[in-house]
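Q: quick one, what's the 3D model for this:
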Amino acid sequence: MSDMLRCEYLPALHPGTVVSEDQVHDLPERRLAPRRVNGPAATGSPTNWEWLETGVASGDVLKSSSDARQHISYFVRADRDGLMTRRLLTFTTNENVSARRTIFELLNQLCDQASSGWPLLADTAEPALPDADIVVRRSAATLLANTAEPERALAALNASTDATVRVALVSAMPWHKIPRRRAILRHLQSDPVPAVRLLANIAVFDEDDPAAWPALDAAIRTDLQASAGVLDAPGFRPVKTAGQRWARALVSLDRENTCCSWARRLANPTESPQVRLEGVQMAVTAMHAWRAAPGRITPMLTGLLKDGPPEIRSVALHAVAASLTASRLAANNLAELMDDPEVGSLAATALGCVGDHRAVPYLVQLMRNDSREPRLAEAFRAVAHAGADPDTPVAAARQILAALPASCAPELPMRVLAAFGPAAATAVPELIARLQGAENDTPDLTFYALRQIGPGAAAAASELRQYPTQDATLALLHVTADREVAERYLAELPEEPRRGRFASRLLTWLAQNGGLTVRQRKQLRSLFRVAGFEEVESAGALWLQDGPAIAPELLKALPKYLADDLYAPQALRVLALMGPHARPILPYLDRFLASRQRVDLTLGDLDADMRADEMLLAAISATREQITR
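A: Below is the predicted model:
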C-alpha cells in the first residue's frame with residue numbers, strides 16, 4: 001500500500017482526508033464506537049483494534065452492510081497484503097474456535113474479490129489444515145484451493161489423509177486451470193472417500209463425450225447418499241448439496257430430460273429421506289434453468305406435499321412456492337395447506353402471488369399479525385391486479401394505520417393501499433395523517449399510495465403541495481390532474497436535459513393528457529437519446545405524440561431492453577400500444593418465447609431470477625397477442 005491513502009469512501013471522514021498506513025487501525029474505532037469485548041483477546045491487540053475484535057466476536061465482519069466489514073473491504077482493496085490483512089490473519093490462530101471460523105469465512109469472502117492467487121492467504125491456510133475444528137479445516141482447505149497455485153493445492157491434497165480436508169480441496173479446486181486434470185480426476189474417481197469420488201465424476205463431465213455420461217450418472221448416483229449432507233456443511237464454498245452439484249453439471253450440458261428424470265427417481269418414496277431431499281434439490285435446480293421444468297416437476301412436488309415426511313414436505317413446498325408456474329399448477333394443493341400452522345403462511349403467500357382470490361383472507365390475517373413473509377406485498381399486488389375484492393384488505397390496512405402514531409408509515413399496509421389504487425380511496429384520511437405527522441423521514445410510501453389512488457385522493461392535494469420532492473409532485477399530478485404541476489417543473493429544465501427519469505414520466509403524463517408544447521417535445525426528444533429509463537419511458541410519449549411516423553426509431557431502440565426485467569415491462573407496454581406497427585419486432589419476441597433456457601438475469605437470488613423470467617415470458621406472450629390482433 002502507498003504511504004498515504006485517500007479515503008473518499010469512508011462516510012465518517014471528509015472527502016479528500018489523507019490517512020497514513022499507521023493510522024488505519026484508528027479510523028474504524030472513531031466511527032464504530034465499539035463495545036468492549038468480554039475478556040482479553042488472544043492476540044493481545046492494542047485497544048485501538050478493539051472494533052475489529054468486537055466485529056469478529058459478533059460476526060459483524062461477515063455482514064456486507066456493517067461498518068466493520070466496509071472498513072475491512074476498503075483497506076484490503078487498497079493493499080491486499082497490507083496492515084489490515086495482516087491484522088486479520090492474527091485471528092486464524094485465535095484460541096476461540098468461533099473467532100477462527102469467522103475469520104476463515106471472512107478471508108474466503110475477501111478472496112472472492114481477488115482476480116488471481118493470493119500467496120499470503122495460502123501461507124496462512126495451509127498450516128490450518130490440521131485444525132482441531134472440522135469447520136475451520138474445511139474453510140482453510142477451501143481458502144488454500146482458491147489462493148494457492150494449483151500445484152501447491154494438489155500437493156496438499158495428495159499429502160492429506162483427512163477426509164474433510166480432501167473433500168473441501170476437491171470441491172474448491174479450479175479444475176479448469178489444472179494441467180493433466182483428466183488423469184488426476186480419473187485417479188480420484190476411485191478414491192476411498194465417497195464425496196471425493198462424486199465430485200471427481202461431476203468434474204469430468206465433458207460435452208464432447210456424451211457416451212460417457214450414463215456411466216458417470218450411475219457412479220454419482222452410487223455415492224449420492226453417502227455424500228448427502230457433506231458438501232453443504234459449514235465451511236464449504238459454494239454451499240451446494242450433492243444433488244445440486246450434479247444438477248448444475250447437467251444444466252451446463254443442457255441435459256434437461258436427464259435432470260428432471262433423476263429428480264423424480266430420487267424423490268421416490270422408496271428412497272431414503274436423504275436421497276429424496278437431493279431429488280427435490282435437483283428439481284429446484286432444473287426449474288431455475290429450464291422453462292418447461294416446472295410443468296415436468298410440479299406433479300412430483302405436489303405428491304410430496306401430501307405424503308412426504310415433514311422435512312421433505314417443507315423443502316417441496318418451498319420449491320413450489322419459488323416458481324409462479326409451479327404455484328399455479330399446484331394451486332389447489334396450496335389452498336389445502338393455508339390452515340396449516342407451520343406452512344400455511346408460505347402456502348397462502350405463494351397462492352396470492354399467482355392472483356388466486358382464495359388467499360386473500362389469509363393474506364389479510366398475515367398483515368394483521370405483522371408477518372415477515374418476504375413476498376407478502378407481492379401477493380397483495382397480484383390479487384389486486386386479478387380483481388380481488390378490496391374491502392377487507394383496505395379496511396385492515398386502514399385499521400393498522402389508525403392504531404399507529406401519525407409519524408409511522410408501516411410499509412406493508414401502505415403497499416396494500418397502493419396495490420388496490422382507486423379502490424383504496426377510503427384510506428385517504430389515514431394517509432393525510434401520515435403526511436401531517438411525518439417527522440424525520442420523507443413519507444415516500446404515502447406519496448406512492450396517494451399517487452396510485454389518483455383523483456380519489458384529491459383531499460390530500462394541499463398537503464402534497466407542502467413537499468417539494470419529486471415523489472410528492474408526481475402524486476400531486478395524478479391526484480389533481482393539473483397540467484400546471486408538470487409544466488411548472490419542466491419549465492425549469494433546459495430544452496435538452498441530459499438526464500431525467502422523472503421528467504420523462506411527467507412528459508408521458510402530459511402526452512396522455514392533452515399533448516406537449518413545442519418546447520416539451522424538444523425535451524422529450526432529448527431524453528429519448530439517454531439510454532436507460534429515460535429512453536424507455538420517453539418512447540411511449542413519443543408514440544402518443546407522433547404515432548406511426550416514429551415507429552422505426554422505437555423498433556430500433558426498444559429491442560435491447562426486452563431481456564432486462566427492469567426495463568422490459570415499459571418497453572413491452574409501448575410495443576403493445578403500437579399494435580400492428582410493431583410487427584417487425586415479432587421475430588425477436590418469437591425467439592425469446594421459443595427459448596428452452598431461462599434468460600440470464602442477475603437479481604442476486606436464483607428464485608427471484610426464475611420468477612422474473614416467468615413474468616417476462618408472460619408479458620412478452622401477451623404483447624405478441626396485442627401486436628398480432
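Q: residues near residue 385, how many?
A: For residue 385, the neighbour count with other CB atoms under 10 Å is 12. Placement of C-beta: from N, CA and C, glycine included.
Q: tell me the contacts of the residue of the chain most remote from its centre?
A: When distances are taken from the C-alpha mean of the chain, residue 518 lies farthest, 42.9 Å away, according to CA atoms, centre = their mean. Contact partners of residue 518, counting by CB atoms under 8 Å, 6 or more residues apart in numbering, are absent.
Q: by contact count, what packs against the lengthiest helix in the chain?
A: Criterion DSSP state H: the longest helix present in the chain is helix 606-628. Contacts defined by 3 or more CB pairs under 8 Å, 6 or more residues apart in numbering; DSSP states H and E place helix 606-628 against helix 273-289, helix 310-322, helix 324-329, helix 568-578, helix 586-594.
Q: wait, which of the ones you listed is closest to residue 344?
A: Closest approach to residue 344 among the helices and strands packed on helix 606-628 is made by helix 310-322 (10.3 Å; CB to CB).
Q: coming back round to it: could you list the buried residues of the longest helix of the chain?
A: Buried residues in helix 606-628, counted by 16 or more other CB atoms under 10 Å: 606-607, 609-614, 616-617, 619-620, 623-624, 626-627.
Q: between those residues, which is nearest residue 137?
A: Closest approach to residue 137 among the buried residues of helix 606-628 (CB to CB): residue 606, at 28.6 Å.
Q: confidence score at that closest one?
A: Here the pLDDT value assigned to residue 606 is 95.
Q: distance of it from residue 343?
A: Residue 606 sits 21 Å away from residue 343, going by CB to CB, to the nearest Å.
Q: please report how far the residue farthest from the centre of the chain lies from residue 308.
A: Here residue 518 is placed at a distance of 67 Å from residue 308 (CB to CB).
Q: contacts for the longest helix of the chain next, please.
A: Under the criterion CB under 8 Å, 6+ apart, residues 287-288, 291, 322-325, 562-563, 565, 568-569, 572, 575-576, 578-580, 582-583, 585-586, 589-590, 592-593, 598-599, 601-603 lie in contact with helix 606-628.
Q: could you do stretch 528-542 as well?
A: Here stretch 528-542 has contacts from 498-501, 503-505, 507-508, 510-512, 516, 524-525, 527, 550, 553-554, 557-558, 561, 567, 570-571, 573-574, 577, using CB under 8 Å, 6+ apart.
Q: and residue 384, what is it in contact with?
A: Applying CB under 8 Å, 6+ apart, we find residue 384 in contact with 390, 393, 419-421, 423.
Q: doesn't it fall inside a strand?
A: No - using DSSP: H, G, I helix; E, B strand; the rest coil, the assignment for residue 384 is helix, not a strand.
Q: model confidence for it, exactly?
A: With respect to pLDDT, residue 384 has a value of 98.
Q: also residue 30?
A: pLDDT, read off for residue 30, is 33.
Q: what's the angle from the longest helix of the chain to helix 568-578?
A: Following axes from the mean of the first three to the mean of the last three CA atoms, to 10 degrees, one obtains 10 degrees for the angle between helix 606-628 and helix 568-578.
Q: quick one, helix 606-628 and helix 586-594 angle?
A: Comparing the axes of helix 606-628 and helix 586-594 via the same axes, to 10 degrees yields an angle of 140 degrees.
Q: keeping just the C-alphas, turn helix 606-628 into PDB.
A: Taking Å, rounded to 0.1, in the frame of the first residue of the first chain, the C-alpha atoms of helix 606-628 are listed here in PDB:
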ATOM      1  CA  LEU A 606     -32.000 -17.800  -8.200                       C
ATOM      2  CA  ASP A 607     -35.600 -18.000  -7.200                       C
ATOM      3  CA  ALA A 608     -36.200 -14.300  -8.000                       C
ATOM      4  CA  ASP A 609     -34.400 -14.700 -11.300                       C
ATOM      5  CA  MET A 610     -36.700 -17.600 -12.100                       C
ATOM      6  CA  ARG A 611     -39.900 -15.700 -11.300                       C
ATOM      7  CA  ALA A 612     -38.600 -12.600 -13.200                       C
ATOM      8  CA  ASP A 613     -38.100 -14.900 -16.300                       C
ATOM      9  CA  GLU A 614     -41.600 -16.300 -15.800                       C
ATOM     10  CA  MET A 615     -43.200 -12.800 -15.600                       C
ATOM     11  CA  LEU A 616     -41.100 -11.700 -18.600                       C
ATOM     12  CA  LEU A 617     -42.300 -14.700 -20.600                       C
ATOM     13  CA  ALA A 618     -45.900 -14.000 -19.800                       C
ATOM     14  CA  ALA A 619     -45.500 -10.300 -20.600                       C
ATOM     15  CA  ILE A 620     -43.900 -11.000 -24.000                       C
ATOM     16  CA  SER A 621     -46.600 -13.500 -24.900                       C
ATOM     17  CA  ALA A 622     -49.300 -11.000 -24.000                       C
ATOM     18  CA  THR A 623     -47.600  -8.300 -26.000                       C
ATOM     19  CA  ARG A 624     -47.300 -10.600 -29.000                       C
ATOM     20  CA  GLU A 625     -51.100 -11.100 -28.900                       C
ATOM     21  CA  GLN A 626     -51.600  -7.400 -28.800                       C
ATOM     22  CA  ILE A 627     -49.400  -6.800 -31.800                       C
ATOM     23  CA  THR A 628     -51.000  -9.600 -33.900                       C
END
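Q: strands of the protein, start to end?
A: Secondary structure of the chain (DSSP state E): strands at 4-6, 18-20.
Q: can you count the residues close to residue 489?
A: 17.
Q: whoops, residue 251 was the one
A: Quick note: residue 251 (other CB under 10 Å) scores 18 neighbours.
Q: spit out the contact partners of it.
A: Residue 251 makes contacts with 259, 285-286, 289-290, as judged by CB under 8 Å, 6+ apart.
Q: which of the residues you listed count as buried?
A: The neighbour-count test (16+ other CB under 10 Å) marks 259, 285-286, 289-290 as buried among these.
Q: and the residues you listed, which two are furthest apart?
A: 285 and 290 (9.6 Å).
Q: low-confidence stretches in this structure?
A: The chain contains residues with pLDDT under 70 at 1-47, 113-115.
Q: now the common contact residues for residue 285 and residue 290.
A: Residues touching both residue 285 and residue 290 by CB under 8 Å, 6+ apart: 251, 259.
Q: ok, so of the buried ones among the contacts of residue 251, who is nearest residue 60?
A: Nearest to residue 60 among the buried ones among the contacts of residue 251 is residue 285, at 32.1 Å by CB to CB.
Q: for residue 160, grab phi and psi.
A: Dihedral pair for residue 160: phi -90, psi 140, per degrees, to the nearest 10.
Q: what's around it, how many residues?
A: Residue 160 has 17 neighbours, counted by other CB under 10 Å.
Q: thinking it is in contact with residue 170, fair?
A: No - look at residue 160 against residue 170 with CB atoms under 8 Å: they stay out of range, at 10.5 Å.
Q: so what's the gap between stretch 323-332 and the chain middle?
A: 21 Å (CA atoms, centre = their mean, to the nearest Å).
Q: next, the distance between the ends of it.
A: End-to-end distance for stretch 323-332: 15 Å, by CA to CA, to the nearest Å.
Q: in it, what counts as buried?
A: For stretch 323-332, burial by neighbour count (16+ other CB under 10 Å) applies to 323-331.
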